[in-house]
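Novice: Here is a sequence together with a model predicted from it:
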Amino acid sequence: MADDDTPATFASPACFLHEIDPAYAGLTGPLDGQIWTEVNRWRKAERERLIAERLALPAAARRAHGEAIAALVLDEIGDVTGRIVSGYWPFRGEPDFRPFLQEVTARGGLTALPVVVEKGRPLEFHLWQTGEALSRGIWNIPIPAEPKPCRPDIVIAPVVGFDAACYRLGYGGGFFDRTLAAMTEKPRVIGIGYSGSRIATIYPQLHDIPMDIVVTEAGIVTP
């Protein structure tokens, strides 16, 4: 064991990082340059693996999981009257939370969608509810046709992967972390995903911001 503060290095390629006990490797906290290069490659491979597994789930199973997750989230957030809840438009096998947004509206809440403005900038949130016009945003993901900027009270953040500390593995653009870091008043952030998306750690960096909880069809994970 080294007796200085020099970061450890790996003899194995990044694709074997998932086999290393994070506590043993000293990787439970932020990482530095050389190791981050390998972790970044590992994250990319892990992201591809998890998305492929998600897409391989039968449509009926995804639908059932999504309904179970939505019910747990509704119970968790309680009264939504007058509160703004930001959802998302489903992408690449994510739980379909459009019925959830309809239910929030029916219960007296307001709903919104995130909008990618451009690469490297925080997301914007715009009010939108079922039935209102949509247009195509970046990656052809639907966004509100009429801009109505807002500050959500609750943000539903779909995950590609997550760990026990509620750190989120996303698509690699860093949009959610950048957005939360820029907010003067942080909303409650609820990550949602399938239980099979849980991994030992995402090897968080200083810019990674943990979610308040993660909800899967199997239950609620708290940090």
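Specialist: Nice, thanks for sending it over.
Novice: and residue 84, bridged to which residues?
Specialist: Beta-bridge pairing for residue 84 (DSSP bridges): residue 110.
Novice: neighbours around it, how many?
Specialist: Under the neighbour criterion other Cβ atoms under 10 Å, residue 84 is assigned a count of 19. For the C-beta atoms, the positions are set from N, CA and C on the backbone; glycine is no exception.
Novice: Is it correct that it is in contact with residue 148?
Specialist: No. Between residue 84 and residue 148 there is no contact, the gap being 10.5 Å when judged by Cβ atoms under 8 Å.
Novice: Wasn't residue 214 part of a helix?
Specialist: No. With DSSP: H, G, I helix; E, B strand; the rest coil as the criterion, residue 214 is assigned strand and is not in a helix.
Novice: wouldn't it be in contact with residue 159 here?
Specialist: Yes. A contact is recorded between residue 214 and residue 159 when judged using Cβ under 8 Å, the distance being 6.7 Å.
Novice: hey, what's in contact with both of these two?
Specialist: Common neighbours of residue 214 and residue 159, counting by Cβ atoms under 8 Å, 6 or more residues apart in numbering, are 168, 191-193.
Novice: And for the residue nearest to the spatial centre of the chain, nearest residue in space, chain neighbours not counted?
Specialist: In the chain, the C-alpha closest to the average C-alpha coordinate belongs to residue 159, at a distance of 3.4 Å (Cα atoms, centre = their mean). For residue 159, the nearest residue in space outside its immediate sequence neighbours is residue 193; the separation is 3.9 Å by Cβ to Cβ, 6 or more residues apart in numbering.
Novice: quick one: contacts for the one you found?
Specialist: Going by Cβ under 8 Å, 6+ apart, residue 193 touches 94-95, 158-162, 214, 216.
Novice: Next, work out how far apart it and residue 76 are.
Specialist: Note on residue 193: its distance to residue 76, by Cβ to Cβ, to the nearest Å, is 15 Å.
Novice: what are the ranges of the strands in the chain?
Specialist: In the chain, the segments counted as strands under DSSP state E are 84-86, 110-115, 124-127, 134-136, 142-144, 154-158, 161-162, 168-169, 188-192, 213-216, 219-221.
Novice: Mean pLDDT and distance to residue 51 for these - can I get that in JSON lines?
Specialist: Converted to JSON lines, the strands of the chain look like this (pLDDT from 0 to 100; distance: least, Cβ to Cβ, whole Å):
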{"stretch": "strand 84-86", "mean pLDDT": "97", "distance to residue 51": "22"}
{"stretch": "strand 110-115", "mean pLDDT": "94", "distance to residue 51": "19"}
{"stretch": "strand 124-127", "mean pLDDT": "94", "distance to residue 51": "24"}
{"stretch": "strand 134-136", "mean pLDDT": "89", "distance to residue 51": "21"}
{"stretch": "strand 142-144", "mean pLDDT": "90", "distance to residue 51": "20"}
{"stretch": "strand 154-158", "mean pLDDT": "95", "distance to residue 51": "11"}
{"stretch": "strand 161-162", "mean pLDDT": "94", "distance to residue 51": "9"}
{"stretch": "strand 168-169", "mean pLDDT": "92", "distance to residue 51": "10"}
{"stretch": "strand 188-192", "mean pLDDT": "96", "distance to residue 51": "15"}
{"stretch": "strand 213-216", "mean pLDDT": "97", "distance to residue 51": "16"}
{"stretch": "strand 219-221", "mean pLDDT": "95", "distance to residue 51": "20"}
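Novice: Would you mind putting those into a markdown table with distance to residue 203 alongside?
Specialist: Written out in a markdown table, the entries for these read as follows (distance: least, Cβ to Cβ, whole Å):
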| stretch | distance to residue 203 |
| --- | --- |
| strand 84-86 | 27 |
| strand 110-115 | 25 |
| strand 124-127 | 29 |
| strand 134-136 | 34 |
| strand 142-144 | 31 |
| strand 154-158 | 19 |
| strand 161-162 | 11 |
| strand 168-169 | 10 |
| strand 188-192 | 17 |
| strand 213-216 | 17 |
| strand 219-221 | 18 |
